[in-house]
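> compute the structure for the input listed below.
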Amino acid sequence: MAEKAPKKRIDRRWIFLLIFIGVAIPLIVVIGLPIETTENARMVFDFIENTPSGSRVILSFDYDPASKPELHPMAKAVMSHCFRKKLKVIITALWPMGVQMAEDIFSKIKDEYPDVKYGKNYANLGFKAGGIVTIQAMGKNFRGIFPQDMNGTPVDELPIMDGIQNFDNIGFVFAFSAGDPGIKQWVQIAHDTFGRPVSGGVTGVSAPAILPYVNEQQQLIGLLAGLKGAAEYELLTKAPGTATSGMDAQSVAHLIIIIFIVIGNINYWRIKKARAKRGE
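Below is the predicted model of the structure:
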């Protein structure tokens, strides 16, 4: 009886290499594969786009480095959009590391906006513990909870803070949230109690719990969810960045995996057909 021919197998190292290349290239060069924008992302874009120039707005950085891959790209895109629309950005943080997250983004984009000056168009008031209690205090007396900025400068010396007493003097609140405290507390207090418009972005795993605030209760104006939400926003603002690259990398990796699945199934079908002909 003749020996059976050995099965042809693809060395798994080639698969690993192709996936590595497929992920690495989009992270180096933005490909810009098609991304479908959702209604929630368009709501966020239209909301900021239609906010009058000169409005003072709060961007709350309620996350830490663990959520940076998902929330940092959208925070960068939103902050850039605010500067392009000539909005005055006030930074707060309900998480200790949120202060550094905001400063990291500002340091990367400030050269693109030479007209943006600290204290005039941008200020980082720093972190305050307390979550929902802190937000309530801000709504009643902003200076009572933030008498100075993160550098110790009295807020009365910052032109951006002129006339700001409470939430009535704020255009909107945008929260980048990785959990609790975060966007839920901003909705409950800034929107429900003080009537301020609230929007935000969350990690992908948090989105299902927050979406009802948008779709059912209409307490939240749009929502950016995870890396895809960030990529959608980059597309809407016509400024592709790390989120677009990340989605490109995911798409290419998935495509490579699908191709190998198809090849594997075709090879299995050919072997099965050959065995059937031999009567095995």
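> pull the number of nearby residues for residue 162.
A count of neighbours around residue 162, defined by other CB atoms under 10 Å, yields 10. Heads up, the C-betas are built off the backbone N, CA and C, glycines and all.
> so what's it scoring on pLDDT?
Turning to residue 162, the model gives it a pLDDT of 94.
> check the one 3 residues further on too.
Reading off the confidence values, residue 165 has pLDDT 91.
> who's in contact with the spatially closest residue to it that is not a sequence neighbour?
The spatial neighbour of residue 165 that comes closest, neighbours along the chain excluded (CB to CB, 6 or more residues apart in numbering), is residue 142 at 6.0 Å. With contacts defined as CB atoms under 8 Å, 6 or more residues apart in numbering, residue 142 is in contact with 155, 161, 164-167, 169.
> how about a markdown table for these, with distance to residue 206 and neighbour count added?
Shown next, in a markdown table, are these (distance: CB to CB, whole Å; neighbours: other CB atoms under 10 Å):
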| residue | distance to residue 206 | neighbour count |
| --- | --- | --- |
| 155 | 31 | 19 |
| 161 | 31 | 22 |
| 164 | 30 | 20 |
| 165 | 32 | 12 |
| 166 | 28 | 16 |
| 167 | 24 | 21 |
| 169 | 29 | 13 |
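> ok, which pair from those is furthest apart?
Checked with CB to CB, the contacts of residue 142 reach their widest spread between 155 and 167, with 15.3 Å between them.
> rewinding a little: separation between the residue nearest to residue 165 and residue 53?
For residue 142, the distance to residue 53 (CB to CB, to the nearest Å) stands at 22 Å.
> same thing with residue 117?
Residue 117 is 16 Å from residue 53, where distance means CB to CB.
> so these two - more neighbours on which side?
Neighbour totals were compared for residue 117 and residue 53, and residue 117 leads with 12 against 9 (other CB under 10 Å).
> please parse the chain into its domains.
Using automatic domain parsing, the domain parsing of the chain gives 1-32+249-280, 39-239.
> for the ones you listed, which one ends up most surrounded?
Of all the domains of the chain, domain 39-239 carries the top mean neighbour count, a mean of 19, counting by mean count of other CB atoms under 10 Å.
> centre of the chain to it, how far?
11 Å (CA atoms, centre = their mean, to the nearest Å).
> endpoints of that domain, how far apart?
19 Å (CA to CA, to the nearest Å).
> what segments of the chain are helices?
12-28, 39-49, 68-84, 98-109, 132-140, 142-145, 183-186, 207-215, 226-236, 242-278 (DSSP state H).
> so the longest one versus helix 226-236, what angle?
Angle between the axes of helix 242-278 and helix 226-236 is 120 degrees (criterion: axes from the mean of the first three to the mean of the last three CA atoms, to 10 degrees).
> now for helix 242-278, which elements pack on it?
Of the remaining helices and strands, those touching helix 242-278 by 3 or more CB pairs under 8 Å, 6 or more residues apart in numbering; DSSP states H and E are helix 12-28, helix 68-84, helix 226-236.
> a markdown table for those helices, including distance to residue 132 and mean pLDDT?
Putting these into a markdown table (distance: least, CB to CB, whole Å; pLDDT from 0 to 100) gives the following:
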| stretch | distance to residue 132 | mean pLDDT |
| --- | --- | --- |
| helix 12-28 | 38 | 74 |
| helix 68-84 | 21 | 95 |
| helix 226-236 | 25 | 92 |
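> can I get those in a markdown table including distance to residue 113?
Formatted as a markdown table, those follow (distance: least, CB to CB, whole Å):
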| stretch | distance to residue 113 |
| --- | --- |
| helix 12-28 | 26 |
| helix 68-84 | 5 |
| helix 226-236 | 17 |
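> show me the one of these that comes nearest residue 190.
Between residue 190 and the helices and strands packed on helix 242-278, the shortest gap by CB to CB is with helix 68-84, which sits at 16.6 Å.
> residues in contact with residue 63?
So residue 63 contacts 71, 95, 97-98, 101, 176-179, 182, 203 (CB under 8 Å, 6+ apart).
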